[in-house]
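Enquirer: after the sequence you'll find the predicted model.
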Amino acid sequence: MQTVFSTVLPDVPAAAVIWLALLAVAATVVAALIVRPSRFRSELVDRISDAARPSSIDQAERARVQDQERDRYADEVAVAAARAAATAERSRTEWLTAQEEAEAAWQAYQAAEDDVRRLAAAAALPLPRTARTPAEYADRERWLHRAAMDAQWRNEITVRQLSDILGGNGWDPSRHPVEQELLLRRLVRDNLAARHRAATQREQAAWQAAERAAAAAQSLRDEAFAALHPAPEPQAELSIVGFAGPESTRELPTGSAAVDITRELTPVARGRAAVAA
């Protein structure tokens, strides 16, 4: 025991001095925090911010990689936008063609309607009397067949309708030519009305397809523009809670707000529907 005490006791004063020095430093720091807490919190925030902020070399490398990725993405979107623009132009051309076909079908229907009205007025008058002979019936039948074949040659009636006329399926060749012509023109008018309805439906479908293609092309153009001119990203906020409690929280200033970019859209195509060129 004397050997142990003789080894430990000489080091006790030195250890006491060290502990007293540490306590004095701690008391000084506590007193400084109590007297001027904002200075030490500001220095602590600055040190933490400097430690969290990447170095200039890392920032440059990261910016270079981001620029390369942005340029590659912008090129891909630009190619897709060009293809979408070509599709929109083709859809617009198809819509204009369908519109012209619908207009032509309407004009043909109007002409057929005028013929029906004229013949209906003529049929209301007393028909001329003719001899009811086999030769007269043969002439009426030949006239009906010739008129039906001419209408089918002008694509006013279908082949099946022509077969019904030639075969006498629902047609009476012995009727007067004025009545035959009125019935034939009514058949032509009904066919042209059906063609006009079909042409109108095709025109509507082409217009909707052109609208969708134009919207897709515009969306891709906007995406390509945004890829080439990105808005600055806001900096992340960093909050440090001081020693005094939650009420002493200090926030770093945030970045600038996003920049609003306004672009003027291209004029739309002429016609009933708005289709981007």
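Expert: Looks like it came in fine.

Enquirer: tally of neighbours for residue 199?
Expert: 20 (other Cβ atoms under 10 Å). Heads up, the C-betas are built off the backbone N, CA and C, glycines and all.

Enquirer: thought it was touching residue 98?
Expert: Yes: the pair residue 199 and residue 98 qualifies as a contact (Cβ atoms under 8 Å) at a distance of 7.0 Å.

Enquirer: can you show me the strands along the stretch 101-250 of the chain?
Expert: Secondary structure of the stretch 101-250 of the chain, counting by DSSP state E, counting those that start in this stretch: strands at 239-240, 250-251.

Enquirer: low pLDDT regions in the stretch 101-250 of the chain?
Expert: Along the stretch 101-250 of the chain, segments meeting pLDDT under 70 span 127-131, 231-250.

Enquirer: how about the helices of this protein, start to end?
Expert: 2-8, 12-35, 37-52, 56-123, 134-153, 159-167, 177-228 (DSSP state H).

Enquirer: so which of those is the most packed in?
Expert: Among those, helix 177-228 has the highest mean neighbour count (mean count of other Cβ atoms under 10 Å), at a mean of 18.

Enquirer: give me every residue that touches residue 174.
Expert: By Cβ atoms under 8 Å, 6 or more residues apart in numbering, the residues touching residue 174 are 137, 140, 141.

Enquirer: how about those in JSON lines, adding distance to residue 111?
Expert: Compiled in JSON lines, those are given as follows (distance: Cβ to Cβ, whole Å):
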{"residue": "137", "distance to residue 111": "31"}
{"residue": "140", "distance to residue 111": "26"}
{"residue": "141", "distance to residue 111": "27"}
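
Enquirer: tell me which of those residues is nearest to residue 178?
Expert: Using Cβ to Cβ, the shortest approach to residue 178 within those belongs to residue 140, at 10.5 Å.

Enquirer: that closest one touches residue 178, doesn't it?
Expert: No: Residue 140 lies out of contact with residue 178 (Cβ under 8 Å); the separation is 10.5 Å.

Enquirer: pull out the CA atoms of stretch 140-154 and give them to me as CSV.
Expert: The C-alpha trace of stretch 140-154 is given here as CSV (Å, rounded to 0.1, in the frame of the first residue of the first chain):
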residue,chain,number,x,y,z
ARG,A,140,-90.2,3.7,-121.0
GLU,A,141,-88.1,0.7,-119.8
ARG,A,142,-85.2,1.6,-122.1
TRP,A,143,-85.3,5.2,-120.8
LEU,A,144,-85.3,4.1,-117.2
HIS,A,145,-82.4,1.7,-117.7
ARG,A,146,-80.4,4.3,-119.6
ALA,A,147,-81.0,7.0,-116.9
ALA,A,148,-80.0,4.6,-114.2
MET,A,149,-76.8,3.6,-115.9
ASP,A,150,-75.9,7.2,-116.4
ALA,A,151,-76.5,7.9,-112.7
GLN,A,152,-74.4,5.0,-111.8
TRP,A,153,-71.6,6.1,-114.2
ARG,A,154,-71.7,9.5,-112.4
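
Enquirer: mind starting the numbering at 43 from now?
Expert: Let's use 43 as the start, then, which means that last one is stretch 182-196.

Enquirer: run through who's touching it.
Expert: 199-201, 203-204, 207-208, 213, 215-219, 222-223, 226, 230.

Enquirer: switch the cut-off to 7 Å
Expert: Residues from elsewhere that reach stretch 182-196 (Cβ atoms under 7 Å, 6 or more residues apart in numbering): 199, 201, 204, 207, 208, 215, 216, 219, 222, 223, 226, 230.
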